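> what's the 3D shape of this:
(chains A and B)
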Amino acid sequence: MKNEKLLQAIGKIDDELVYGAIEYKRAKKKNTWVKWAAMAACLCLVVAMVPAVLHTINPQNELKGLEISENFMYEGVEYYIIGDDDSPEHYGFPAEITGELAGKQNAYLFRDENNDLLVTDEKSDIIVFEYALAPCTAAKIIRYGDSWYSAVFVGVASSDTDTSKQLNLATLYQIYNVNSYEDIQSIRITPYESEGLDSFYTTEGRWIENFYLYTKDLISHSADEFNLLVYEDCETEEDREAVDSFFKSDFCKLNIETNSGLIMRLQLYPTTGWMRSINGHAYYMLTDDMLSWYNSHLE
Amino acid sequence: MKDHEIIDLYWERNETAIARTSEKYGSYCHTISYNILNNDEDAEECVNDTWMGAWKSMPPQRPNNLATYLGKITRNLSLNRLKQYVAEKRGGSQTDLALSELEDCIPSSTTVEQITEEKELVASLNRFLYSQPEQKRNIFIRRYWYLYSIRDIAGAYEMSESKVASMLFRMRSELKAHLEKEGISL
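Just a heads-up that it's a prediction; the model follows:
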């Protein structure tokens, strides 16, 4: 039926339109300070106290902590603040984040009416610091009220909506302040479905030197390009499912630990010949050199 | 939890991916399915099937927008299920009403009876929607993508139901004219 066809086609309109129509936002945290400020304001009026009292009500005093991880942008880089629902160790920070880890102060943040965190010139209780143990673009320390958090880079802003295009591996290394193989402490590869694959961990210079050499010039591909390439030869749904299951069995975690302890989290698909950066969502097609590096560690 | 982190859990074949997805998007997908099926139990099953679909498709899929990615799976599953019910004469959902409304948008047959490919139709719909003012566009999408009832839409926009209904009526006429102008034939 023609109207059914239309209903089906409407189901395929742009994501942006669909999302825009009903923009999904996490429920706003209750801004209890607003209520208290309003009550205090009323009280002031009723008892005719000096309006100056209002200045002592600092909205940020109500900040308790970040239950849920969230993101913010600073100098064209998107950061993910590791909230109480995640673990800083996964990214190479100490398990407990304290003020001692804060280096040079970078910026203040505030919450706008949409509950998003934005950079501001005015002083606030949410402050971005360099990570004292590894001052670089990849890692920041955040003071949120009286609590301390770590934040890690998750992407770079771009005029192009597809940010991953800019995240060549050389850029990624720079973000982590890795300027030569000597800045890498270790490489760990852990297969997920380990049948036929061994896990691999090395701190040896010769392995690391070659790894760095074979990866530093890799060019990034976007998720769309990656999907196009991996499904290129698929004609049927079964073909696509076969590719899916092959990728699943090929999947390894690849953690590159820098000398300062930060962990660059990547994913490696050694048989299919792909690598992916979790931060920045960029995909890299592996070169023959890199593949033989991987294969030689198995020997 | 951020979407990219949830997607990473799928890619890591970590089964908590489903729990996290359900926490964040369970009610979103349930609403879509309920609007179509008008039944909580059926909607719940479709939402669970959505998680299965997500688990099977990621990797290698890495959606740019997880909400609409899941929403589309739910919408398709729910519309398919509705087809079965229509055959069994169970109905009464927003979909029947929306379908009858969409009759208004069907372009008159052209002399060249060439059926338009779905891809062209979708592109034409995108053009039409992008050309609309934001509020009208969103109301149209809420009605015909999300299958919200006119009452729900009126509530969300603090408008009267008759205002929403007449706005949609005008948009359907505009869409019909737009499709005809673009030479679309269904």
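> output the lowest mean pLDDT helix or strand found in chain A.
The helix or strand of chain A with the poorest confidence is helix A:32-46; it has a mean of 43 (mean pLDDT, DSSP states H and E).
> now the helices for chain B?
Taking DSSP state H, the helices of chain B run over residues B:3-11, B:16-37, B:40-57, B:66-87, B:94-102, B:118-130, B:134-144, B:150-157, B:161-181.
> weakest of these in terms of mean pLDDT?
Among these, helix B:94-102 has the lowest mean pLDDT, at a mean of 79.
> other SSEs contacting that one?
If you count contacts as 3 or more C-beta pairs under 8 Å, 6 or more residues apart in numbering or on different chains; DSSP states H and E, helix B:94-102 packs onto helix A:2-10, helix B:16-37, helix B:134-144, helix B:161-181. Placement of C-beta: from N, CA and C, glycine included.
> next, the angle helix B:150-157 makes with the last one.
Inter-element angle recorded for helix B:161-181 and helix B:150-157: 100 degrees (by axes from the mean of the first three to the mean of the last three C-alpha atoms, to 10 degrees).
> gap between helix B:161-181 and the chain center?
Relative to its chain's centre, helix B:161-181 lies at 18 Å (C-alpha atoms, centre = their mean, to the nearest Å).
> so which residues make contact with that helix?
If you take C-beta atoms under 8 Å, 6 or more residues apart in numbering or on different chains as the criterion, helix B:161-181 is touched by B:101-102, B:104-108, B:110, B:121, B:124-125, B:127-128, B:132, B:136, B:139-140, B:143, B:150-151, B:153-154, B:157, B:186.
> residues contacting the closest residue to chain B within the stretch 1-150 of chain A?
Nearest residue of the stretch 1-150 of chain A to chain B, counting by C-beta to the nearest C-beta: A:A21, 3.7 Å away. Counting by C-beta under 8 Å, 6+ apart, A:A21 makes contact with B:R137, B:N138, B:I141, B:R142, B:W145, B:Y146.
> count the neighbours of the closest residue in space to it that isn't next to it in sequence for me.
For A:A21, ignoring the flanking residues on the chain, the nearest one in space by C-beta to C-beta, 6 or more residues apart in numbering or on different chains is B:I141 at 3.7 Å. Using other C-beta atoms under 10 Å in any protein chain shown, B:I141 is surrounded by 21 other residues.
> wait, B:I141 sits on A:E16?
No - between B:I141 and A:E16 there is no contact under C-beta atoms under 8 Å: 10.6 Å.
> can you check which residues contact both of the two?
With contacts defined as C-beta under 8 Å, 6+ apart, no residue is adjacent to both B:I141 and A:E16.
> follow-up on the earlier one: how about the contacts made by the residue nearest to A:A21?
A:I10, A:I13, A:L17, A:V18, A:G20, A:A21, A:I22, B:L129.
> the first one contacts B:Y146, correct?
No - in this structure, A:I10 sits apart from B:Y146 without contact. The criterion is C-beta under 8 Å, and the distance is 10.1 Å.
> the more surrounded of these two?
For A:I10 and B:Y146, the more surrounded residue by other C-beta under 10 Å is A:I10, and the numbers stand at 25 against 21.
> circling back: and the contacts of A:A21, which two are the farthest apart?
Between any two of those, the greatest separation by C-beta to C-beta is 13.0 Å, found for B:R137 and B:Y146.
> with distance to A:L254 and secondary structure added, can I get the contacts of B:I141 in a markdown table?
Below are those laid out as a markdown table (distance: C-beta to C-beta, whole Å; DSSP: H, G, I helix; E, B strand; the rest coil):
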| residue | distance to A:L254 | secondary structure |
| --- | --- | --- |
| A:I10 | 41 | helix |
| A:I13 | 37 | coil |
| A:L17 | 37 | helix |
| A:V18 | 34 | helix |
| A:G20 | 36 | helix |
| A:A21 | 39 | helix |
| A:I22 | 37 | coil |
| B:L129 | 42 | helix |
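> can you pull the residues of the stretch 101-250 of chain A lying near chain B?
Where proximity means C-beta under 8 Å from any C-beta of the partner chain, the interface of the stretch 101-250 of chain A facing chain B comprises A:154, A:192-193, A:223, A:226-227, A:230-231, A:241, A:243-244, A:247-248.
> most neighbours, which of those?
In terms of neighbours by other C-beta under 10 Å, those top out with A:F226 at 23 neighbours.
> where in chain A is pLDDT low?
Low-confidence regions of chain A, defined by pLDDT under 70, span residues A:1, A:23-64, A:67-68, A:85, A:114, A:157-166, A:193-198, A:280, A:298-299.
> taking the centroid of it, which residue is nearest it?
With distances taken as C-alpha atoms, centre = their mean, the residue of chain A nearest its centroid is A:V154 (2.7 Å).
> wait, a strand at that one?
Yes - counting by DSSP: H, G, I helix; E, B strand; the rest coil, A:V154 falls inside a strand.
> that one and A:I82 touch, don't they?
No - A:V154 lies out of contact with A:I82 (C-beta under 8 Å); the separation is 10.7 Å.
> need the phi and psi values for the residue nearest the centre of chain B.
By C-alpha atoms, centre = their mean, chain B has its centre lying nearest to B:W145, at 2.8 Å. Phi and psi for B:W145, reported as degrees, to the nearest 10, are phi -100, psi -50.
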